[in-house]
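J.: Provided below are the primary sequence and the corresponding predicted coordinates.
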Amino acid sequence: GAIASFTAGYVKIRWKLWSELVIGMVTAFQAGLLLLMNTTSSIWLCYAAYVLFRGSYQFLVPIATFQISASLSKELCALVFGVNTFLATVLKTIITIIVADKRGLGLSVHPQFYVYFGYFTVLAVVYLLAAV
């Protein structure tokens, strides 16, 4: 993950122009990895897909942070990133309650992977459409 984060800082492209496309492609890649992890019977392939998934996530974090901070004044950065982290935690909690908790759908492991695959696919489509 750390290597992926540092790599994002050294990629020399115009992020303002290409960020949605990169985020969309990486998110589509992550959706494919989720589908692979759900359908494979090889634990080693599943672990390799998970490492790639987390590495690609860590690659996206500095890109998204840069995109948000590029349009903010320095005074607002701490407030926005604090609120952003809080809202991300709330969203993860809501999704977990809906998908995995008994008060929600209470899905077993394999159906959860399909739900998250669908979620990442929708995100990828949104970002790729924004890039167009």
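T.: The structure has been received and is ready for your questions.
J.: Can you tell me which residue is spatially central in this structure?
T.: With distances taken as Cα atoms, centre = their mean, the residue of the chain nearest its centroid is Tyr57 (5.2 Å).
J.: My read is that it contacts Thr27, right?
T.: No: Tyr57 sits out of contact with Thr27 when judged by Cβ atoms under 8 Å, with a separation of 9.5 Å. Heads up, the C-betas are built off the backbone N, CA and C, glycines and all.
J.: Regarding this structure, what is its longest helix?
T.: The longest helix of the chain (DSSP state H) is helix 43-70.
J.: What is the distance between that helix and the centre of its chain?
T.: The chain centroid and the centroid of helix 43-70 are separated by 7 Å under Cα atoms, centre = their mean, to the nearest Å.
J.: With stretch 42-55 instead?
T.: Here the centre of mass of C-alpha atoms in stretch 42-55, compared against the chain's by Cα atoms, centre = their mean, lies 15 Å away.
J.: next one: stretch 76-96
T.: Here the centre of mass of C-alpha atoms in stretch 76-96, compared against the chain's by Cα atoms, centre = their mean, lies 14 Å away.
J.: Which other helices and strands does the next helix-or-strand element following the longest helix of the chain contact?
T.: Read in the C-terminal direction, the helix or strand following helix 43-70 is helix 74-99, with elements assigned using DSSP states H and E. Contact here means 3 or more Cβ pairs under 8 Å, 6 or more residues apart in numbering; DSSP states H and E; on that basis helix 74-99 packs against helix 43-70, helix 109-131.
J.: Mind putting these into JSON lines with mean pLDDT?
T.: Converted to JSON lines, the helices and strands packed on helix 74-99 look like this (pLDDT from 0 to 100):
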{"stretch": "helix 43-70", "mean pLDDT": "85"}
{"stretch": "helix 109-131", "mean pLDDT": "93"}
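J.: and of those, who's closest to Leu34?
T.: If you check each of these against Leu34 by Cβ to Cβ, helix 109-131 wins as the nearest, at 4.4 Å.
J.: that older thread, please name the nearest non-neighbouring residue to the residue nearest to the centre of the chain.
T.: Residue nearest to Tyr57 in three dimensions, not counting chain neighbours: Gln30, with 7.0 Å by Cβ to Cβ, 6 or more residues apart in numbering.
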